[in-house]
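>>> Have a look at this prediction, sequence included:
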Amino acid sequence: MAQTLDGKLVAQKVLAEVKAGVSALKDRTGTVPTLAAVLLGDFAPSKIYVANKKKMAAEAGIASRDFLYPEGLSQPDLLALLRRLNADPAIHGILLQLPLPQGCDEDEAIAAIAPEKDVDGFHPMNLGHLLAGAPTVLPCTPAGVMEILDHYGVELKGAEAVVVGRSRIVGKPLAQLLLARHATVTMCHTRTRDLAAHTLRAEVLCVAAGRPQVIKGEMVREGAVVVDVGINRLESGKLVGDVDFESASKRARAITPVPGGVGPMTVAMLMRNTLQAAKRQLQV
Ligand code: NDP
């Protein structure tokens, strides 16, 4: 049976470091890092994500301010709000919860956030820095995956790494981070012919497809390390990943569970990014 890669445990470690950093920053400058949480619309999962992020912020000593618009906002009003937050020196990070309701242009909104306050790491300039090999702020989920791999001492140099999914927020930046650590990286997507032929080669298999249990045990290489980014709620209400945990854990050497794997890491990395953003803005 595979070892469980415990994201909750690693997230607690990151959070403790952030908490110490926040406290040191406060002692030195009198400033409490502050996160603006912007939530448009009434999408239940987004409300839960924002509540979780605020809870973890409070645990880390980070202040949060709410900008909640259950009725939504027009695109011009959203851009005006983001400009206001950009200009407010008391706000160090802006969390714009995605997806935005229909009618809002996500790309334009993300690009309107000041890059130095983009604690999600989605701004094109920050993604560009990552591609250029000089990252400033890292997207939280891929950074969280790397933190788990590092915590458990997974060797990446020269490893065959396969990333299933090529989204801008998970798959692409994760592939870039693995490449930067000298893995040999293959990216798979919906047009990939014979997905299993690729996943079976993976020593490190990272799955962010948004399809419940699409990766079965027989698609996993014996002894692989499997990171399951997916979070899917089945009709039964059960949360599952993009990997079939039961069959995959019979072949993998180590695997992240869902829940309790990558999810808590994403929020912990957001806290780390907020602290770093505050430090950069305060130039300490
Ligand atoms: P997207 O829907 O934006 O992207 C999914 C990607 O997977 C696409 O590139 C798509 O390919 C590819 N894909 C879909 N189905 C298949 C398939 N059958 N075979 C191969 N590739 C496939 O999703 P996200 O990247 O935003 O999220 C992925 C998953 O991770 C979701 O379950 C999401 O809930 C979860 N998530 C979890 C987070 C966490 O904190 N743990 C944070 C963010 C996301 P194509 O490009 O060709 O369409």
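On my side now, so go ahead.
>>> burial of the nearest residue to Pro101 once chain neighbours are set aside, as a residue count?
Spatial nearest neighbour of Pro101, excluding adjacent residues (C-beta to C-beta, 6 or more residues apart in numbering): Gly41 at 3.9 Å. Every C-beta, even on glycine, is put in place using the N, C-alpha and C of the backbone. A total of 19 residues lie near Gly41 under the criterion other C-beta atoms under 10 Å.
>>> Gly41 against Gly72, yeah?
Yes. With contact defined as C-beta atoms under 8 Å, Gly41 and Gly72 form a contacting pair (5.2 Å).
>>> Mutual contacts of the two, please.
By the contact definition C-beta atoms under 8 Å, 6 or more residues apart in numbering, Gly41 and Gly72 are jointly contacted by Pro101.
>>> before we move on, the earlier item: tell me the contacts of the residue nearest to Pro101?
Taking C-beta under 8 Å, 6+ apart, one finds Tyr69, Pro70, Gly72, Leu100, Pro101 in contact with Gly41.
>>> Quick check: the gap between the third one and Ala161.
Using C-beta to C-beta, to the nearest Å, Gly72 is found at 39 Å from Ala161.
>>> and those two? which has more neighbours close in?
For Gly72 versus Ala161, neighbours defined as other C-beta under 10 Å are more numerous around Ala161 (28 against 16).
>>> Could I get the full set of helices for the protein?
In the chain, the helices defined using DSSP state H lie at 7-29, 44-60, 75-87, 106-112, 124-131, 140-151, 171-180, 195-199, 245-251, 262-282.
>>> Nearest to the ligand, out of the ones you listed?
helix 262-282 (3.3 Å; C-beta to the nearest ligand atom).
>>> Any regions of this structure where pLDDT drops low?
Under the criterion pLDDT under 70, no range of the chain is flagged.
>>> tell me which parts of it are close to the ligand?
Neighbours of the ligand within the chain, by C-beta under 6 Å from any ligand atom: 141, 164-167, 169-171, 188-192, 195, 208-211, 214, 229-232, 242, 262-263, 266.
>>> just the buried members of the residues you listed?
Buried members of the residues of the chain next to the ligand, counted by 16 or more other C-beta atoms under 10 Å: 141, 164-167, 169-171, 188, 192, 195, 208-209, 214, 229-232, 242, 262-263, 266.
>>> out of these, which are inside strands?
Using DSSP state E, Val164, Cys188, Asn232 are the members of those that sit in strands.
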